[in-house]
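Student: Using only what follows, build the 3D model:
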Amino acid sequence: MIIGHETSGLKLNPSTNGNQLNTQVIKGCPCYREFGDEKVCLNNDDVVPINAISIDPSFFEQICNKEELAEYKSDKESMCYLSMYLDRKGGFCYCISQGQKIVINEKNVKTAEIDSALQFITTTDRNRDGVICSDCLYKYLRTLGESSEGFLTDSEREELVASYVRDVSTRMAAELSGYSANSYSDEKYEQHVRLYIKKLNQTRTQWASLTLKLREKKGDRVLAELVDHYRALHRLEAIFLFQVLTLNEPMGETDSLGTLRFMVGISEKVIQLSDMIREKTYDLLERKAMSEGLQKALRKHAEKRKETEYKFSNLVKVLSEISAHTDS
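Tutor: Numbering: from 1, shown residues only. Purely as a prediction, here's the structure:
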């Protein structure tokens, strides 16, 4: 049964930025589980059979605080709306249908934990009605959230962290290389990424050649540095993609935590380089030190650079979140 619009308007991918932090109603719940035809609620570490209906978040958009949840509370204990209310003021999450705090492993689930979890969940992790993958939320909270304390061994946590890193990075590689298919584990995906890496290296060689010519002609120093920054940017992107391909190797042959820190480092360097490119471009334009022809040639690369920077900025947020939990 669906009440309201057919799909949720909430964007659930690493590019959500500030909109995610203003969201108060989430379509989905980490306590909702399905076992065959049976549906149960795991809130308060209990197992309660339920009847679930999917209600669009717009139906609850008038809720301004947790006290108003009483107006929407079902008179049936077995009723589930598959929706959470995030109390931004108090910092905790509530089941709308029952008006209760959401509790996992004897710990109240915080809004900040759900915000972090949503960074790992993409639009492909929703069903046709727009409901967030409950298993994905639950898995995150039991792996990296406060509810994970005492629940996982170090080796189990490392294995799950490796799974998160592989999933997030692989999706990122697909976006960078323009791979549109849904499967990232087949030979077609690997061949596509390797071909893209080859193109990056070819373009990198062209940037290096142009840098050399500018320096030989003793042209504008800032312009030569700008061109060299583009070369370095292509090199870092190629290194990142090659590292992603190695994540498909057997677990025992890769250091998941070392790989995580390496990915964060590469992403941060891409962002730093992009900032330097922006600064030098502005300087050259201000001084009118670039010809119209060169400006036109660099314009298409500038657009691609902005897209790459945006993707890596989102990636570093996600990977840094994992790293922060792992190091604590």
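Student: how about the helices in the chain?
Tutor: Ranges of helices within the chain are 19-22, 111-118, 134-143, 154-177, 187-216, 221-246, 256-286, 292-327, based on DSSP state H.
Student: right, and the ones you listed - which one's nearest Val48?
Tutor: helix 134-143 (14.6 Å; Cβ to Cβ). Placement of C-beta: from N, CA and C, glycine included.
Student: Now that closest one: average pLDDT?
Tutor: If you average the pLDDT over helix 134-143, you get 68.
Student: Quick one: closest of the helices of the chain to Asn65.
Tutor: Of all the helices of the chain, it is helix 111-118 that lies closest to Asn65, at 13.3 Å by Cβ to Cβ.
Student: any idea of the mean pLDDT in that closest one?
Tutor: 80.
Student: about what we covered before: mind putting the helices of the chain in a markdown table, distance to Tyr85 included?
Tutor: A markdown table is the format used below for these (distance: least, Cβ to Cβ, whole Å):
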| stretch | distance to Tyr85 |
| --- | --- |
| helix 19-22 | 14 |
| helix 111-118 | 10 |
| helix 134-143 | 15 |
| helix 154-177 | 26 |
| helix 187-216 | 39 |
| helix 221-246 | 37 |
| helix 256-286 | 33 |
| helix 292-327 | 23 |
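Student: So which of the ones you listed is nearest Leu42?
Tutor: Among the helices of the chain, helix 134-143 comes nearest to Leu42, with 7.5 Å by Cβ to Cβ.
Student: closest to Asn105 out of the helices of the chain?
Tutor: Nearest to Asn105, of the helices of the chain and by Cβ to Cβ, is helix 134-143 at 7.1 Å.
Student: follow-up on the earlier one: out of the helices of the chain, which gets nearest to Glu77?
Tutor: Glu77 sits nearest to helix 134-143 of all the helices of the chain, at 19.1 Å, using Cβ to Cβ.
Student: Ser313 touches Ile271, doesn't it?
Tutor: Yes - counting by Cβ atoms under 8 Å, Ile271 is a contact partner of Ser313 at 5.8 Å.
Student: for the protein, where's the lowest mean pLDDT among helices and strands?
Tutor: None of the helices or strands of the chain scores lower by mean pLDDT, DSSP states H and E than strand 2-3, at a mean of 32.
Student: distance of Ser54 from Arg261?
Tutor: 40 Å (Cβ to Cβ, to the nearest Å).
Student: whoops, Tyr310 was the one
Tutor: According to Cβ to Cβ, Tyr310 stands 22 Å off from Arg261.
Student: now Leu319
Tutor: Counting by Cβ to Cβ - Leu319 and Arg261 are separated by 9 Å.
Student: Show me which of these two is the more surrounded one.
Tutor: Neighbours per residue, other Cβ atoms under 10 Å: of Leu319 and Arg261, the larger number sits with Leu319, 28 against 14.
Student: For the more buried one, which non-adjacent residue is closest in space?
Tutor: Val264 (4.8 Å; Cβ to Cβ, 6 or more residues apart in numbering).
Student: Double-check the one you found against Phe312; I have them as touching.
Tutor: No - Val264 lies out of contact with Phe312 (Cβ under 8 Å); the separation is 10.4 Å.
Student: who has more neighbours, the two?
Tutor: Phe312 (25 against 18).
Student: Relative to Ser183, how far out is that one?
Tutor: 24 Å.
Student: And for Ser83?
Tutor: 31 Å.
Student: Look at those two and report which has more neighbours.
Tutor: For the pair Ser83 and Ser183, the greater number of neighbours falls to Ser83 (26 against 9), based on other Cβ under 10 Å.
Student: show me the contacts for that one.
Tutor: Going by Cβ atoms under 8 Å, 6 or more residues apart in numbering, Ser83 touches 25-29, 55, 57, 60, 96-97.
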